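Colleague: Predicted model, plus sequence, below.
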Protein chains: 2
Amino acid sequence: MTAPMFERVALVGLGLIGSSLSHAMRRKGLARSIVGHAQSEKTRDTALRLGLVSSVYASPAEAARDADLVILCVPVGACGALARNMAPAMKAGAILTDVGSVKGAVVRDVGPSVPKGVHFIPGHPIAGTEHSGPEAGFAELFEGRWCVLTPPPGADEGAVRRLAAFWQACGSHVEVMDAQHHDLVLAITSHVPHLIAYNIVNTARHLEQVTDTEVIKFSAGGFRDFTRIAASDPVMWRDVFLNNKEAVLEMLGRFSEDLTALQRAIRFADGDTLYKLFSESRAVRRGIIQAGQDTADADFGRHHGIPGKQP
Amino acid sequence: MTAPMFERVALVGLGLIGSSLSHAMRRKGLARSIVGHAQSEKTRDTALRLGLVSSVYASPAEAARDADLVILCVPVGACGALARNMAPAMKAGAILTDVGSVKGAVVRDVGPSVPKGVHFIPGHPIAGTEHSGPEAGFAELFEGRWCVLTPPPGADEGAVRRLAAFWQACGSHVEVMDAQHHDLVLAITSHVPHLIAYNIVNTARHLEQVTDTEVIKFSAGGFRDFTRIAASDPVMWRDVFLNNKEAVLEMLGRFSEDLTALQRAIRFADGDTLYKLFSESRAVRRGIIQAGQDTADADFGRHHGIPGKQP
């Protein structure tokens, strides 16, 4: 058994990501001790009962005290206040990171509170499920997924390397980019997809001619896949949209422009345009499967275990 | 072993749905013989090699001759010409049905060719995967899914009952409704979801600031789920949009209206509106799981076999 990477890791927030990190760290022996903070007493109790943490604190500052790695695992909108609370308690040389889906806003909100000597390196593991809470976590969540780090200019290189090694030990690939570019990439690969999934569920719920029961019964034609995405945590997603406004509006503008062109092709029965566009999508799907970011299993059948065939 | 429901079933088209029907019929002994037609020689050879049919014909009329159940399993746009070709060969008392995702256009295109004495009962099993072709089929595809029948006014009740019993034997629930209502329901539960999935893949492919490689690498944040939907058969989907134009444009108009309202909520940082709408989506998801149209497995993790938790 090699020495753990960190003596004391503080998980500030114990939902899906925090609990999954605990499982992943324990499996690989990455921390000598794992402590945590959660706002709700119920979550703190659950975390102790599940053994996610050895100690849990109602005060984020108490959790962060003496930790050499502090990970904010909360909705993006909650990071600023937590950082202000914890900052005075953090020890010199510690790494402060987060797991939020928006990085520019975290730099804006957390950056000013970070004490001298603490290494603030924002991060984002691109992994998740539609479930939330301390019981939703599992050790394999980060395996094969990408984790993006967005160290600010002048960040300590040794600290960046340590944090990258930590995510790699959790099973992730690591990529470094600047916060602004991250926010643009995620706007198209994650934020707008979630927004349109939420939107179509909303549209379907408010039709006069089609009942909610019909929408549910006949959902296997595609709609049910959108409801899975739209079942994700509403607070997390509200905060994403409030904090990545510019990039989301930019990508949404392009999406709507393209949708209008498709609508026009349908109105004027332009089958060639539709066919060409639909055919080209398959190449992107193949790329994702080849990159190991999804499997080729025929998931619409949902009979997992039936051998997948390459599309 | 009870007697088969049908003496001779003709599968006109041997892709995902035709081949799955063959597997389902064989498993349950629903047909004494299964014959087929496919346009391409390669598909005909594959169908024979896989034992999907005992005889395969280049001529649709030859396949339909003497059959007491003929099932059109082709893209919606191909039904009319095939029906005109087969109609003279069909025997009195036979049932002619289809599996298309649009029903009004099939009634319009097929109806006029149907000879007196043949029972034309359009159908639509709401089941599928993102894969296509004769090798993609499996017997369980229809299990627990809904099959909608849209018998025209005055259709023979005995024939409708026989066809309903056939789909039930394949594992499906059956619902009867009129063609126009079917097309409206499917526009929102299937057609518009596919269109916006195709659309966002297209938008992502044409960004100047984000590379295709980045889109693929960081797709696990939601985008990859859309690419799965957008990997479906392009001919089938082109035909759906060309043949369900009015209902799709109507639903697309509502979708865009709702999306504009969401966009406005983001622009003006209206977190309460976003939170309320995101929260309400979870109820629809729960309804779908309770109705058995999807499982509660945490599929974003894609580690199937990890026990699902109720969202």
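Modeller: In hand now; what should we look at? Numbers count the residues shown, from 1 in each chain, chains lettered A, B, ... in the order given.

Colleague: can you pull the pLDDT of residue A:306?
Modeller: On the pLDDT scale, residue A:306 is placed at 38.

Colleague: So for stretch A:25-41, mean pLDDT?
Modeller: Confidence for stretch A:25-41, expressed as mean pLDDT, is 97.

Colleague: Stretch A:48-60 now?
Modeller: Per-residue pLDDT over stretch A:48-60 has a mean of 98.

Colleague: Quick check: end-to-end length of that stretch?
Modeller: For stretch A:48-60, the first and last residues are 16 Å from each other (CA to CA, to the nearest Å).

Colleague: Give me the buried stretch members for it, please.
Modeller: A:48, A:52-53, A:56-57, A:60 (16 or more other CB atoms under 10 Å in any protein chain shown). Where C-beta positions appear, they are placed from N, C-alpha and C, glycine not excepted.

Colleague: Likewise for stretch A:198-210?
Modeller: Along stretch A:198-210, these residues count as buried under the neighbour rule (16+ other CB under 10 Å): A:198-205, A:207, A:210.

Colleague: Then stretch A:111-128?
Modeller: With burial defined by 16+ other CB under 10 Å, the residues of stretch A:111-128 counted as buried are A:113-114, A:118-128.

Colleague: and what of stretch A:211-228?
Modeller: When burial is assessed from 16+ other CB under 10 Å, stretch A:211-228 yields the following buried residues: A:214-228.

Colleague: Check stretch A:142-154 too.
Modeller: For stretch A:142-154, a neighbour-count test (16+ other CB under 10 Å) marks A:142-143, A:145-151 as buried.

Colleague: what about the stretch 1-150 of chain A, any weak spots by pLDDT?
Modeller: Under the criterion pLDDT under 70, the flagged ranges of the stretch 1-150 of chain A are A:1.

Colleague: One more pass at 90, please.
Modeller: When residues are selected by pLDDT under 90, those of the stretch 1-150 of chain A lie in A:1-3, A:128-131.

Colleague: so which residue of it comes closest to chain B?
Modeller: residue A:129 (3.7 Å; CB to the nearest CB).

Colleague: for that residue, helix, strand, or coil?
Modeller: The local conformation at residue A:129, judged by DSSP: H, G, I helix; E, B strand; the rest coil, is coil.

Colleague: how does chain A divide up, domain by domain?
Modeller: A:6-177, A:181-269 (automatic domain parsing).

Colleague: check the buried residues of stretch A:142-154 against chain B, which are close?
Modeller: Taking CB under 8 Å from any CB of the partner chain as the test, chain B is in contact with A:145-146, A:148 out of the buried residues of stretch A:142-154.

Colleague: Identify those among the residues you listed that sit within strands.
Modeller: Among these, the members found in strands (DSSP state E) are A:146, A:148.

Colleague: Now render the buried residues of stretch A:111-128 as JSON lines, adding secondary structure.
Modeller: JSON lines is the format used below for the buried residues of stretch A:111-128 (three-state DSSP):
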{"residue": "A:113", "secondary structure": "helix"}
{"residue": "A:114", "secondary structure": "coil"}
{"residue": "A:118", "secondary structure": "coil"}
{"residue": "A:119", "secondary structure": "strand"}
{"residue": "A:120", "secondary structure": "strand"}
{"residue": "A:121", "secondary structure": "coil"}
{"residue": "A:122", "secondary structure": "coil"}
{"residue": "A:123", "secondary structure": "strand"}
{"residue": "A:124", "secondary structure": "strand"}
{"residue": "A:125", "secondary structure": "strand"}
{"residue": "A:126", "secondary structure": "coil"}
{"residue": "A:127", "secondary structure": "coil"}
{"residue": "A:128", "secondary structure": "coil"}
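
Colleague: Mind giving me the packing neighbours of whichever helix in chain A runs longest?
Modeller: Using DSSP state H to define each element, chain A has its longest helix at helix A:245-267. The elements that helix A:245-267 packs onto, with contact taken as 3 or more CB pairs under 8 Å, 6 or more residues apart in numbering or on different chains; DSSP states H and E, are helix A:179-186, helix A:192-205, helix A:271-290, helix B:192-205, helix B:245-267.

Colleague: buried stuff in it?
Modeller: Of the residues in helix A:245-267, those buried under the neighbour-count criterion (16+ other CB under 10 Å) are A:245, A:247-248, A:250-252, A:254-256, A:258-259, A:262-263, A:265-266.

Colleague: Stretch A:157-168 now?
Modeller: Neighbour counts over stretch A:157-168 (16+ other CB under 10 Å) mark A:159-160, A:162-164, A:166-167 as buried.
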